[in-house]
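Q: I would like to see how this sequence folds:
(one chain, ligands or ions: 2)
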Amino acid sequence: KEMHNFLKELPKCEHHVHLEGTLEPDLLFPLAKRNKIELPADFPKTPEELHIRYDNFENLDDFLHFYYIGMGVLITEQDFFDLAWSYFVKAKNDGVWHAETFFDPQGHTERGIKMETVVNGFNRAAEKAQAELGISTKLIMCLLKHLPVPNGMETLKAATGFYKQGLIHGLGLDSSELPFPPKLFTECYSYAAENFGEDVGLTAHAGEEGGPEYITQTLDLLKATRIDHGVNSYKDDAVMERLARENVMLTLCPLSNVKLQVVEDVAELPVMKWLEVGVPFSINSDDPAYFGGYILDNYVVMHTRFGFDLNTWGKIAKFGVDGSWISSERKKKIH
Ligand code: ADE
Ligand code: ZN
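A: Numbers count the residues shown, from 1 in each chain. Ligands and ions are numbered 1, 2, ... in the order given. The predicted model follows:
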């Protein structure tokens, strides 16, 4: 109980949460109804049934199937606003000071939704979160690895104006991992680096189901400065040492890793090895509506498995602040 309060009060920064992954079953069904979206015939019929299905994902792709059906109920700017706002309220309650949130524009433009509908809805929620909750935020657009690279390039070009206006701050890469190595997207990342301003943040999902070579490609070819997940880094000592030396933060999502069967239990994550070698990491929620817990739940499960002392928790909180894409003044405020 005391520890729970300590972890709640600990100033947290979230770097790995997909806004579409915060769509709770309790909101999914009413939105489907309101927007007259017909869910697939074999889709669970109630939030209770859907929660049960969510407890039984076989792997990343099995989850993604539900994730893309779920986001299909989001149509209007208000839907995107409501989704993000309810996430920010939960984040505030969990003790989040700064949130860098992912979204998947192609998951919406492929369905005929305009990118500006998505970006404006999310940004209105982000502005309200800054004004009313005091949370600083950044929006990171991700490209979907299962879609063709030219589609990704087109999406990037369409997003240029949003970067220039300061409405989007970073580029990520997500979706299905194994058949789509990061190197495929080299052109997309160099386009972003050249066209979106020098402080554009570059990150990518790598080493969740893919091996450590996916992490190496992400650093060498995409020039990313963070790695989302990066669990499989432990399989290559040279990669571990490089992450430590180059101060590349892993954005870990422990509950996600269990639900998607990356590990059987959080205790299997090579956390002590990362600490020993000096690989910085943050603790995040990924798709909390699908994986049964928000950021504080992820902190709590890490504590129950690893029993960090206060000193180590201080160090982890500092990794998160230092690895955030924020000004040094904002970092000082959070520290
Ligand atoms: N999209 C949403 N969550 C994801 C994850 N954990 N890995 C890859 N793509 C995702
Ligand atoms: Zn993710």
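Q: pLDDT wise, what is whichever residue of the chain sits closest to ligand 1 at?
A: Relative to ligand 1, the nearest point of the chain is Asp174 (3.5 Å; Cβ to the nearest ligand atom). The way it works is simple: take the backbone N, C-alpha and C, and place the C-beta from them, glycine included. At Asp174, the model reports a pLDDT of 98.
Q: same thing with the one 3 residues further on?
A: At Glu177 the predicted local confidence, pLDDT, stands at 97.
Q: low-confidence stretches in this protein?
A: For the chain, no stretch has pLDDT under 70.
Q: where's the residue of the chain closest to ligand 1 relative to Asp55, distance?
A: 22 Å (Cβ to Cβ, to the nearest Å).
Q: then Gln78?
A: 30 Å.
Q: more neighbours: which of Asp174 and Asp55?
A: Asp174 (28 against 11; other Cβ atoms under 10 Å).
Q: right, and that one touches Gln106 too?
A: No - the pair Asp174 and Gln106 does not pass the contact test of Cβ atoms under 8 Å, sitting 10.3 Å apart.
Q: mutual contacts of the two, please.
A: Common contacts of Asp174 and Gln106, defined by Cβ atoms under 8 Å, 6 or more residues apart in numbering, comprise 143-144.
Q: is it fair to say Ala193 lies in a helix?
A: Yes - judged by DSSP: H, G, I helix; E, B strand; the rest coil, Ala193 forms part of a helix.
Q: residues in the stretch 51-200 of the chain within reach of ligand 1, list them.
A: By Cβ under 6 Å from any ligand atom, the part of the stretch 51-200 of the chain that sits against ligand 1 consists of 60, 67, 174-175.
Q: sec struct for Gly172, please.
A: On the three-state scheme (three-state DSSP), Gly172 is labelled strand.
Q: can you give me the neighbour number for it?
A: Quick note: Gly172 (other Cβ under 10 Å) scores 24 neighbours.
Q: host element of the closest residue to it other than its chain neighbours?
A: Nearest residue to Gly172, sequence neighbours excluded (Cβ to Cβ, 6 or more residues apart in numbering): Cys142, at 3.9 Å. In the assignment (DSSP states H and E), Cys142 maps to strand 136-144.
Q: how close does the most far-flung residue of the chain relative to its centre get to Phe63?
A: Centroid-distance maximum for the chain: Ala41 at 29.5 Å, with Cα atoms, centre = their mean. From Ala41 over to Phe63 the distance is 20 Å, taken as Cβ to Cβ.
Q: please apply the same query to Leu221.
A: 27 Å.
Q: for the stretch 201-335 of the chain, which segments count as strands?
A: Assigned by DSSP state E, counting those that start in this stretch, the strands in the stretch 201-335 of the chain fall at 201-206, 226-229, 249-252, 281-283.
Q: most packed of these?
A: The highest average neighbour count among these, using mean count of other Cβ atoms under 10 Å, belongs to strand 226-229 at a mean of 28.
Q: what helices or strands is that one leaning on?
A: Applying 3 or more Cβ pairs under 8 Å, 6 or more residues apart in numbering; DSSP states H and E, one finds that strand 226-229 makes contact with strand 12-18, strand 201-206, helix 212-220, strand 249-252.
Q: endpoints of stretch 223-241, how far apart?
A: 17 Å (Cα to Cα, to the nearest Å).
Q: residues contacting Val321?
A: Contacts of Val321 (Cβ under 8 Å, 6+ apart): 11, 13, 98, 331, 334-335.
Q: from the residues you listed, which is closest to Lys36?
A: Of all the contacts of Val321, Lys36 sits closest to His98, with 37.3 Å by Cβ to Cβ.
Q: list the contacts for Lys145?
A: 173-177, 180, 184-185, 205.
Q: and Glu9, by the same measure?
A: Counting by Cβ under 8 Å, 6+ apart, Glu9 has contacts Gly95.
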